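J.: predicted model and sequence below, questions to follow.
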Amino acid sequence: MKKLFDYLPVVVFFVVYFATGRDIYPATWGILVASAVQIVAGWLVWRKVERLHLLVFAITLVFGGLTLVLHDDVFIKWRPTVIYGVLATVLLGGLLLRERSLLQRLSERMMISSLGRVVPLTSGDWRWLNCALIGYFSLLAFLNIYVAYRFSTDFWVNFKLIGFTVLNFGFYIGLFAWIYKRLPADERARLFEERRPPQS
């Protein structure tokens, strides 16, 4: 549920956009309000404010606010590019400035919380994963702004909804398949054992 909650602002944006007859300005209000609600609700439910949610809210406030004040949708179209660009930059900095990259440290925390242990990967594997995500986020940042300037607003919204969903699905499935292949044989067997339902 918490992972689905991360997508609340984007879902609200699409719902409002199509519900209002493809009007970008009510949709911008929707994503701005939903980003604020996401932070407040996260604190009330989990007593924690995610840094990523704060980042997204700050960027949405700036670019969404400019869109609404100046009545120019080009600013809200820049929002995904800025978010992906910031993520790529943070990952690059975490790769260059630390022995264990930011991606590795965050992933290991998630593994401990979900699996109770860290799945073994080599330092080379972590570097490859880090570079893959930097490249992917950079690609999304470029694609978003390219489509925003070359096509209509309606095409841009549909591309975000369908195109980015397909790209994300394919990329992350491929990424997890690569990680699985890099795992030792005993670790693969252990993962299957943990997911096998108990026999009565």
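T.: Everything's here; your move. Please read these numbers as outputs of a predicted model, since none were measured by experiment. Residues are numbered from 1 along each chain as shown.
J.: what about this protein, any weak spots by pLDDT?
T.: 1-4, 98-99, 114-116, 191-200 (pLDDT under 70).
J.: would you map the helices across it?
T.: 2-5, 8-19, 24-46, 51-70, 74-97, 102-115, 123-150, 153-158, 164-182, 185-195 (DSSP state H).
J.: list the buried residues of the second one.
T.: It refers to helix 8-19. Buried residues in helix 8-19, counted by 16 or more other CB atoms under 10 Å: L8, P9, V10, V12, F13, F14, V16, Y17. All C-beta spots, glycine's among them, are computed from the backbone N, C-alpha and C.
J.: check the gap between the second one and L54 for me.
T.: Going back to what we said before, that points to P9. 12 Å (CB to CB, to the nearest Å).
J.: repeat for the last one
T.: Separation of Y17 from L54 (CB to CB) stands at 24 Å.
J.: what's stretch 89-98 in contact with?
T.: S101, L102, L103, R105, R127, N130, C131, L133, I134, F137 (CB atoms under 8 Å, 6 or more residues apart in numbering).
J.: which of those residues has the largest number of neighbours?
T.: S101 (22 neighbours; other CB atoms under 10 Å).
J.: quick one: it and N130 touch, right?
T.: Yes - when contacts are counted by CB atoms under 8 Å, S101 is listed as touching N130 (5.0 Å).
J.: so E187 sits against V118, correct?
T.: No - E187 lies out of contact with V118 (CB under 8 Å); the separation is 10.6 Å.
J.: skipping adjacent residues, who's closest to V157 in space?
T.: Y17 (5.8 Å; CB to CB, 6 or more residues apart in numbering).
J.: residues contacting the one you found?
T.: D23, I24, P26, A27, G30, V157.
J.: any chance of a PyMOL selection covering the buried ones in those?
T.: This is the PyMOL syntax for the buried subset of the contacts of Y17, where burial follows 16+ other CB under 10 Å:
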select buried, resi 24+27+30+157
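J.: reformat the contacts of Y17 as CSV; add distance to I59.
T.: Formatted as CSV, the contacts of Y17 follow (distance: CB to CB, whole Å):
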residue, distance to I59
D23, 22
I24, 17
P26, 19
A27, 16
G30, 16
V157, 18
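J.: what's the burial count for V90?
T.: The burial count for V90: 17, using other CB under 10 Å.
J.: likewise for K48?
T.: Neighbours of K48 (other CB under 10 Å): 10.
J.: from Y17, how far out is the residue nearest to it when sequence neighbours are not counted?
T.: Leaving aside its sequence neighbours, K48 sits nearest to G42 (CB to CB, 6+ apart; 6.4 Å). Note on G42: its distance to Y17, by CB to CB, is 24 Å.
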